[in-house]
Structure formats: structure tokens, C-alpha cells
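> pasting the sequence and the predicted model now:
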Amino acid sequence: MGGSMAGLLLWYSRHVARIIDPFVVALNGLPKISLAPMIIIWFGSGMLSKVALAFIATFIVALLSAYQGTHQIDANLVNLMRSLGATKRQIFLKVVVPATLPWIISAFRLNIGFALIAEIGGEFIASDKGLGRSIFVAGNLFNLNAVWVGVLTLMLVAIALYLVVSRIERYLLPWESR
């Protein structure tokens, strides 16, 4: 959600967006799991480091998706709103946010997988409990049944999160037909 808001807010200032763009592109190209050792050193091996890693893994994708969505808005619609005397804030709330919602929902779907990868990767690297740790230990013990149970559990979590995002989409975008 934070990345989506940041991406939407970049619409307000093209100057700031041009300054930030190279850094965002560079961060997007970085494999986020490579940051796991630093994050675990900074935040410890508890839940906070896994949440921080998942946040980092999803923030840039959400930001880029929302910002790209703002570029796809019909310029004639924005010009019409301006000609009717709408303020920049009104244009943002009445045109930009609704027009970018499909992009934001799409980023939510992508980020389900990225968040799970980051969380499981963080548990692989440093954790004494959790599903990722269980899969890691079972794999080291060649207990394939336990590994499959962990993988299937991850799939169920991903499906449940996908259904939540689909419900949010149906609520926010009732006109979208699926």
C-alpha cells in the first residue's frame, strides 16, 4: 500500500519523479533477497526482519505500477477537469486514483508472490521457527513429505491472499468484468 501511495504521489511533481526515477529503477533491478543478511543484522532474526524484507520486496513494484498507471490516464480527461476549474487535488482524487486502481490491484497480485518469497527467504537465512524454516530443515533432512506439506501450505496461503485481493478488486472496481 505504501508503494502504491508513493507512486500516486509522484504524479503531483514531475520534477521529483524525474529525480527519483533512476534510483527506483536501480532498486527494482536489485534482487531483494540479497538484502536479507543486512536486514537480519539490522533488525534481528525475529518477525520484524521478515516484515521489513517483505516490505522492501513489494514497495518498488507497487510504486512503479502505480506511477506507470498515472501515465496511462487520458490527458483529455485531465484537461477537461482543469477547464471545469478542478484543483490538482480534485483531479487527483476524482481522476488519477480511480484510473490507476486496476494498476494498483495488479501490483497487489504480483506482490503476493514477492512478499512470500521474501518472507520464506528470510526464514531460510535466519529463523528458529516458521514455515520457511520448517521447509529448510525438512529439505536438509531429505524429508520430502514435509517439504511438500510446506510447499502446499505456501500455495494455500498464496491462494487465500489472491482471493482477498480479488474481493477487494470486486469491491473497488465493480465495473471490471472477470
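Alright, I've got the coordinates.
> now the residue nearest the centre of the chain: how far from residue 144?
With distances taken as CA atoms, centre = their mean, the residue of the chain nearest its centroid is residue 58 (3.3 Å). In this view, residue 58 and residue 144 are 30 Å apart by CB to CB, to the nearest Å. To be clear about C-beta, it is placed using only N, CA and C from the backbone, and glycine gets the same treatment.
> one more: residue 107?
Note on residue 107: its distance to residue 144, by CB to CB, is 34 Å.
> check which helices and strands the helix or strand encompassing the residue nearest to the centre of the chain is in contact with.
Applying DSSP states H and E as the criterion places residue 58 in helix 47-71. With contacts defined as 3 or more CB pairs under 8 Å, 6 or more residues apart in numbering; DSSP states H and E, helix 47-71 has these neighbours: helix 2-9, helix 14-29, helix 36-43, helix 97-125.
> flag the shaky bits of the protein, pLDDT-wise.
Residue ranges of the chain with pLDDT under 70: 177-178.
> from the chain's centre, how far out does the helix or strand hosting residue 156 sit?
In this structure, residue 156 sits in helix 144-172 according to DSSP H and E. Once both centres are worked out by CA atoms, centre = their mean, to the nearest Å, helix 144-172 turns out to sit 16 Å from its chain's centre.
> contacts only, for the closest residue to residue 123 other than its chain neighbours.
Nearest residue to residue 123 in three dimensions, chain neighbours excluded: residue 132, at 2.7 Å (CB to CB, 6 or more residues apart in numbering). Applying CB atoms under 8 Å, 6 or more residues apart in numbering, we find residue 132 in contact with 119-124, 150.
> ok, these vs residue 69, which is closest?
Nearest to residue 69 among the contacts of residue 132: residue 119, at 26.2 Å, using CB to CB.
> residues contacting residue 164?
Not one residue lies near residue 164 by CB under 8 Å, 6+ apart.
> how about the helix or strand harbouring the residue nearest to residue 123: buried residues?
Assessed by DSSP H and E, residue 132 sits inside helix 131-140. Neighbour-count burial for helix 131-140 flags 131-136, 138 (criterion: 16 or more other CB atoms under 10 Å).
> same thing with stretch 73-89?
Buried residues in stretch 73-89, counted by 16+ other CB under 10 Å: 73, 78, 81, 86.
> from residue 172, how far off is residue 14?
Taking CB to CB, one finds residue 14 at 27 Å from residue 172.
> and for residue 162?
16 Å.
> swap in residue 63?
Using CB to CB, residue 63 is found at 19 Å from residue 172.
> tell me which of the two has more neighbours.
Neighbour count, other CB atoms under 10 Å: between residue 63 and residue 172, residue 63 has more, with 24 against 13.
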